[in-house]
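Visitor: fold the following and give me the result.
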Amino acid sequence: MFLLRPISLGALAGVLIACAGLAGAPASAGQVAPPPLVLSPNLTEPWMLQLKPRVQRRSTANRYQFRQVPQQQQPRVRRTNWWSPRQQPVRQQPQRQRQAQQPQSRQIAPQFLPTVVDYDGPHKAGTIVIDTNARYLYLVQNDGTARRYGVGVGKPGFEWAGTHKITRKAEWPDWRPPAEMRKRRPDLPTYMAGGPENPLGARALYLGSTLYRIHGSNQPWTIGHAVSSGCIRMRNQDVTDLYERVGVGTTVHVI
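Guide: Next up, the predicted model:
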């Protein structure tokens, strides 16, 4: 059994050069020249390549880049955070629904704030005149003037006109919606105690034997509009001021 010992590159190169020299040397007298030494390229190429100076080899990735078919570049889409409220899609709402969701302005229009105006009409001092078309209530005074207040009046179908006297006054009145109103609005209570949440507001002036009243409101932004079921509504501070200036028996003209 033969043992194979490793041969260094230097020793192998020496053997190859010596063999090449013998092959190329001329034969002496009486000797037969040996056949030329032919080295198989398959065996020598790996060793000879190592003897040559190293050449920087291109990587396989670079060699094969030209084979790659360029893909069509897709436009980049910026993705937004799905949880960001600003990026959520906005659903288009019907016009009526959007208007219903928008709260009315909480400010009363300036022209409906209390003021004093000239008056030269036929009614005597102390009389109340309510102009439902203009949305004003006038309290006639002695000096040719009238105190004017903005009011809310009956909505379409609930308008009325006539002359009555104030038969009763109440501070922070209770509210008992009449049967006709509860028939139209089944959600209404049969009774509500007086207070800031009560629709009759801070004061009420009852007109004759009717169901109508001049009263305050916890919705002052409705002053100047036709919104009630026939009652005349005022801001709480305005109806309180009027309450102190008139008494039971005062004549009220609604035109």
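Visitor: any low-confidence regions in the stretch 1-150 of the chain?
Guide: Within the stretch 1-150 of the chain, the segments meeting pLDDT under 70 span 1-105.
Visitor: mind running it again at 50?
Guide: Along the stretch 1-150 of the chain, the model assigns pLDDT under 50 to residues 1-4, 15, 20, 22-25, 59-70, 75, 77-93, 96-103.
Visitor: and the longest strand belonging to the chain, which residues are buried?
Guide: Counting by DSSP state E, the longest strand found in the chain is strand 162-171. By neighbour count on 16 or more other C-beta atoms under 10 Å, the buried set for strand 162-171 is 164, 166, 169, 170. For glycine as for every other residue, the C-beta is placed from the backbone atoms N, C-alpha and C.
Visitor: closest one of the residues you listed to residue 216?
Guide: Nearest to residue 216 out of those is residue 170 (C-beta to C-beta; 10.7 Å).
Visitor: looking at it, that closest one is touching residue 202, isn't it?
Guide: No: using C-beta atoms under 8 Å, residue 170 is not in contact with residue 202; the gap is 10.0 Å.
Visitor: before we move on, the earlier item: strand partners (parallel or antiparallel) of the longest strand of the chain?
Guide: strand 203-207 (antiparallel), strand 251-254 (antiparallel) (DSSP bridges).
Visitor: quick one: which of those strands is nearest residue 177?
Guide: strand 203-207 (13.8 Å).
Visitor: contacts for the closest one?
Guide: Contacts with strand 203-207, where a contact means C-beta atoms under 8 Å, 6 or more residues apart in numbering, come from 164-173, 213-216, 236, 239-240, 242-243, 246, 252.
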